[in-house]
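J.: could you work out the structure for the sequence below:
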Amino acid sequence: MLFDNVTGRSKRIPTNQMRLPMPTPKTGGSMPTRATATKKCKDKLIGEINAAIEKNIGTADPIDVGVINYNAAVVNEVIESLKDSGWDVGSIYGGGQERVAIITLS
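T.: Numbering: from 1, shown residues only. Okay, here's the model as predicted:
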């Protein structure tokens, strides 16, 4: 055969070792979904609004809540929920993308 007379050390082609799989986050046995992340974000925003309402109970001042760090779709859902609950909701737009920056409740 072709390699019958070859002597010396055999050369081995280097291969990369297989990497271990990334650990999965502990979220009840499943990966977080977009829906659960959106719900958490919405719940956090509602919590901030409730805290602002409790803080301003008994005052005549309108209630302002900053929402520039939240997803626009989440903010719009929360605004609609507040309107459905009977709140008079005003919005101040800011930023170059015309995103809601502040929700004003009265």
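
J.: helices of this protein, start to end?
T.: Under the criterion DSSP state H, the chain contains helices at 34-55, 72-84.

J.: quick one, which of those helices is nearest to Ile92?
T.: helix 72-84 (11.8 Å; CB to CB). In this view, the C-beta of every residue, glycine as well, is placed from N, C-alpha and C.

J.: which residues outside that closest one are in contact with it?
T.: Residues outside helix 72-84 that contact it (CB atoms under 8 Å, 6 or more residues apart in numbering): 38, 41-42, 45-46, 49, 67, 89, 91, 99-100, 103, 105.

J.: show me which of those residues is closest to Asn56.
T.: Among the contacts of helix 72-84, Leu105 lies closest to Asn56 (CB to CB), at 8.6 Å.

J.: ok, and the closest non-adjacent residue to that closest one?
T.: Ile63 (4.2 Å; CB to CB, 6 or more residues apart in numbering).

J.: circling back: who wins for neighbours among the contacts of helix 72-84?
T.: Taking other CB atoms under 10 Å as the neighbour criterion, Ile103 ranks highest of these with 24 neighbours.

J.: that residue reaches Ile68, doesn't it?
T.: No: applying CB atoms under 8 Å as the test, Ile103 and Ile68 come out as separate, 10.5 Å apart.

J.: hmm, back to that, so the residue nearest to Leu105 touches Ser106, yeah?
T.: Yes: contact criterion CB under 8 Å: Ile63 and Ser106 qualify, at 7.2 Å.

J.: ok, these two, which is more surrounded?
T.: The neighbour comparison of Ile63 against Ser106 (other CB under 10 Å) goes to Ile63, with 17 against 11.

J.: how far away is that one from Thr33?
T.: Applying CB to CB, to the nearest Å, the value for Ile63 to Thr33 is 32 Å.

J.: same thing with Leu105?
T.: 31 Å.

J.: Ala72 too?
T.: From Ala72 across to Thr33, the span is 20 Å (CB to CB).

J.: over to Glu80?
T.: 22 Å.

J.: can you pull out the low-pLDDT segments for this protein?
T.: 1-32, 95-98 (pLDDT under 70).
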